[in-house]
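[1] Mind looking at a prediction? Sequence and model below.
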Amino acid sequence: MTSPAAEPSGLRGAQRPRILSVPPAVSSAAEEALDLVKMAGVALDPWQQFTLTESLGERADGKWAAFEVGVVVSRQNGKGGLLEARELTGLFLLGERLIIHSAHQFDTSLEAFSRLLNIIENCPELDARVQRVVRSHGEEGITLKGGQRIRFRTRTKGGGRGFTCDCLILDEAMIIPEAMHGALLPTLSARPNPQVWYTGSAVDEEVHQDGVVLARIRERGMAGNDPSLAYFEWSVDAELERIGPDVATDPQSWATANPALGIRISEEHVSHELASMAARTFAVERLGIGAWPSTDPDAARVIPLDLWTELTDPASVVRDPVAFAFDVTPDRSRSAIGVAGRRPDNKWHVEVIEHRQGTDWLPERLAELVKKHKPGGVFCDATGPAASLLPELKALNVDVTPVSAKEHGQACGMFYDAALQGNIRHLGQPELAAALDGAKKRPLGDAWAWSRKTSSVDISPLVAVTIAMWGSSSATTGVPGVWDLNEIVERLRRERGDGEGPRQEG
């Protein structure tokens, strides 16, 4: 793609966003906030002043008009300066007891802490009000003499639990795992006048697996009728898959999506980015043209639940050879054993044999199953948390075949294809349905695998049956067991006490 001449035209970035939605307010705390920020030596661009003013609008009862604030703008435009202004306002003007600033990357969180601390330390009036600064890794924060605090955190599923904050900053909002979002939002529920900020750049669903949280904010902002959301987006009005050279090379497009163009971003630099970046990357990162994920819960599921329900067969039975597989959650709080094999009609049968708390029960239970049923193989993810059980299983004479990352990807593709083609049957077990409801994918080269980290639920039952199915397909050794259906079903009913057992053809 050819870039235009780098000769500067004097063009300035748009100081008002292309997409703007602000709830009605009777007043704003912005005038005093802007005076405070100016005293602190922070020079805000017009777009930053506008966004801060509109986001601090107040209702007649004195509470924020906007409970949530969404800001989508390309990188290096001054988003960090806007957040610094909001944080200074909360600490020194509004008296907010706790502000939590969270980012996806530790380095991003640490940089935000360092920048805010530098502003405070270089302003004697503000520095005199500081009681304590914590620089310990992962515990960075500032406490004022009046008790106001700000903490800088890297996002995790549980990070933020136990804190009650007045202002929650979710930077790098194009990457917010839903489980983490669910852990953090309740931290505002007990405060009288809370506010949460989402700031980031456009989402590309091919890159950002966790973009649906910001996509929902954007969807509400575009609708323009949410009485509790202030939304600001600088972007070019175009579709990512249809953007042409005329849009990408037009400096006016650059100005539309970059309010800092001609201030801290030069046309020359953007022209260099255009020449160096892939067209899709330039469109997302500099023009704000996202590939936004669907916010429909059904669309977000890898396998639709209605399809999975259609594959239920309470009378399903399986013939030899079968395979067992097991999996463990990342925090080792739960683990599962699954079985899979072919039915008499050659469709796949998948079933969860056990799903219990902890891992201590699993080796002996699996050894018992292997001894009695002589499966075609036992499998687990070689790179997952279940692999730590291999030495104990070996001591119990259970021969386990570790599945490589490549094979795990093959297993997921095989499971997905079989489900969509109607070639799987299951017993309707609720643990499998729950796992599929919250399961997410993670990239694995050109393939994908189930993501334990980003899934919102325990997916160990799903991983277990997925790998068991692949193992059953690939097993070429072992003596097929002779399974007595009545005896096995009755025994497992007694052992598990749930009336369910693996369904084998006698």
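    Perfect, I can see it now.
[2] Dump stretch 54-71 to CSV, restricted to CA.
    This file holds the C-alpha atoms of stretch 54-71, laid out as CSV (Å, rounded to 0.1, in the frame of the first residue of the first chain):
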residue,chain,number,x,y,z
GLU,A,54,-18.8,15.0,29.9
SER,A,55,-17.8,12.0,32.0
LEU,A,56,-18.0,13.9,35.2
GLY,A,57,-21.6,15.1,34.6
GLU,A,58,-23.8,15.0,37.6
ARG,A,59,-27.5,14.4,38.2
ALA,A,60,-29.8,16.5,40.3
ASP,A,61,-29.1,14.2,43.3
GLY,A,62,-25.3,14.8,43.0
LYS,A,63,-24.5,11.3,41.7
TRP,A,64,-22.7,10.6,38.4
ALA,A,65,-24.9,10.8,35.4
ALA,A,66,-22.6,8.1,33.9
PHE,A,67,-22.0,5.0,36.0
GLU,A,68,-19.9,3.7,33.1
VAL,A,69,-17.6,5.6,30.8
GLY,A,70,-16.2,4.0,27.6
VAL,A,71,-13.4,5.6,25.6
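[3] For it, the averaged confidence score.
    Stretch 54-71 shows an average pLDDT of 96 in the prediction.
[4] Next: stretch 89-106.
    93.
[5] cool, stretch 119-131 as well?
    Here stretch 119-131 scores 97 as its mean pLDDT.
[6] ends of it, how far apart?
    16 Å (CA to CA, to the nearest Å).
[7] what's the answer for stretch 257-266, then?
    13 Å.
[8] P391 - that's part of a helix, no?
    Yes: the assignment for P391 by DSSP: H, G, I helix; E, B strand; the rest coil puts it in a helix.
[9] Contacts only, for it.
    Contact partners of P391, counting by CB atoms under 8 Å, 6 or more residues apart in numbering, are absent. Any C-beta I mention is one placed from the backbone N, CA and C, and that applies to glycine too.
[10] again, only using 10 Å
    Residues in contact with P391 (CB atoms under 10 Å, 6 or more residues apart in numbering) are P363.
[11] and what of the one 4 residues further on?
    Listed by CB under 10 Å, 6+ apart, the contact partners of A395 are P363, A367.
[12] Identify the residue nearest N397 in space, chain neighbours excluded?
    A367 (7.2 Å; CB to CB, 6 or more residues apart in numbering).
[13] Can I take it that that neighbour is in a strand?
    No: read with three-state DSSP, A367 is helix and lies in no strand.
[14] Pull the contacting residues for it.
    V378, E392, L393, A395, L396, N397, V398.
[15] same thing but 8 Å
    L393, L396, N397, V398.
[16] Of those, select the buried ones using a ChimeraX command.
    Here is the ChimeraX selection string for the buried members of those, based on 16 or more other CB atoms under 10 Å:
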select :393,398
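[17] For the stretch 151-300 of the chain, which segments count as helices?
    178-184, 212-223, 245-248, 251-257, 267-276, 279-285, 297-300 (DSSP state H, counting those that start in this stretch).
[18] Farthest pair within the contacts of A367?
    L393 and N397 (8.5 Å; CB to CB).
[19] any chance of the contacts of A367 in a markdown table, plus pLDDT, secondary structure and distance to E239?
    Listed next are the contacts of A367 as a markdown table, based on pLDDT from 0 to 100; DSSP: H, G, I helix; E, B strand; the rest coil; distance: CB to CB, whole Å:
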| residue | pLDDT | secondary structure | distance to E239 |
| --- | --- | --- | --- |
| L393 | 96 | helix | 52 |
| L396 | 96 | coil | 57 |
| N397 | 95 | coil | 59 |
| V398 | 95 | coil | 53 |
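[20] now, among the contacts of A367, which is nearest to P321?
    Distances from P321 to the contacts of A367, taken by CB to CB, are shortest for V398, at 16.4 Å.
[21] So that closest one is in contact with V370, correct?
    Yes: contact criterion CB atoms under 8 Å: V398 and V370 qualify, at 5.4 Å.
[22] Now for the two: what residues contact both?
    V378.
[23] can I get the helices of the stretch 151-300 of the chain in TSV with mean pLDDT and distance to V465?
    Formatted as TSV, the helices of the stretch 151-300 of the chain follow (pLDDT from 0 to 100; distance: least, CB to CB, whole Å):
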stretch	mean pLDDT	distance to V465
helix 178-184	77	22
helix 212-223	94	26
helix 245-248	88	46
helix 251-257	96	45
helix 267-276	94	45
helix 279-285	92	36
helix 297-300	66	21
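[24] got a markdown table for those, with distance to K406 too?
    As requested, the helices of the stretch 151-300 of the chain are exported to a markdown table (distance: least, CB to CB, whole Å):
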| stretch | distance to K406 |
| --- | --- |
| helix 178-184 | 27 |
| helix 212-223 | 28 |
| helix 245-248 | 36 |
| helix 251-257 | 39 |
| helix 267-276 | 32 |
| helix 279-285 | 26 |
| helix 297-300 | 26 |
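[25] Flag every buried residue along stretch 353-366.
    I353, E354, H355, T359, L362, P363, R365, L366.
[26] Which ones among the residues you listed map onto strands?
    Among the buried residues of stretch 353-366, the residues falling in strands (DSSP state E) are I353, E354, H355.
[27] what's across from the last one in the sheet?
    The one in question is H355. A336 (DSSP bridges).
[28] Tell me how many other residues crowd V207.
    V207 is flanked by 15 other residues according to other CB atoms under 10 Å.
[29] Against L144, how distant is it?
    39 Å (CB to CB, to the nearest Å).
[30] ranges for the strands of the stretch 351-500 of the chain?
    377-381, 400-403, 424-425, 440-444, 447-451 (DSSP state E, counting those that start in this stretch).
[31] Report the backbone C-alpha coordinates of stretch 344-362 in PDB.
    Only the C-alpha atoms of stretch 344-362 are listed here, as PDB (Å, rounded to 0.1, in the frame of the first residue of the first chain):
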ATOM      1  CA  PRO A 344     -23.000 -49.500  17.300                       C
ATOM      2  CA  ASP A 345     -24.200 -46.900  14.700                       C
ATOM      3  CA  ASN A 346     -20.600 -45.600  14.500                       C
ATOM      4  CA  LYS A 347     -21.500 -42.200  16.000                       C
ATOM      5  CA  TRP A 348     -19.400 -41.000  18.900                       C
ATOM      6  CA  HIS A 349     -20.400 -41.500  22.500                       C
ATOM      7  CA  VAL A 350     -18.900 -39.100  25.100                       C
ATOM      8  CA  GLU A 351     -19.500 -39.300  28.800                       C
ATOM      9  CA  VAL A 352     -18.200 -37.800  32.100                       C
ATOM     10  CA  ILE A 353     -17.300 -40.700  34.400                       C
ATOM     11  CA  GLU A 354     -16.300 -38.600  37.400                       C
ATOM     12  CA  HIS A 355     -16.200 -34.900  38.200                       C
ATOM     13  CA  ARG A 356     -15.200 -34.000  41.700                       C
ATOM     14  CA  GLN A 357     -13.300 -31.500  43.900                       C
ATOM     15  CA  GLY A 358      -9.600 -31.700  44.100                       C
ATOM     16  CA  THR A 359      -7.200 -34.200  42.500                       C
ATOM     17  CA  ASP A 360      -6.300 -36.600  45.300                       C
ATOM     18  CA  TRP A 361      -9.100 -39.000  44.300                       C
ATOM     19  CA  LEU A 362      -8.300 -39.200  40.600                       C
END
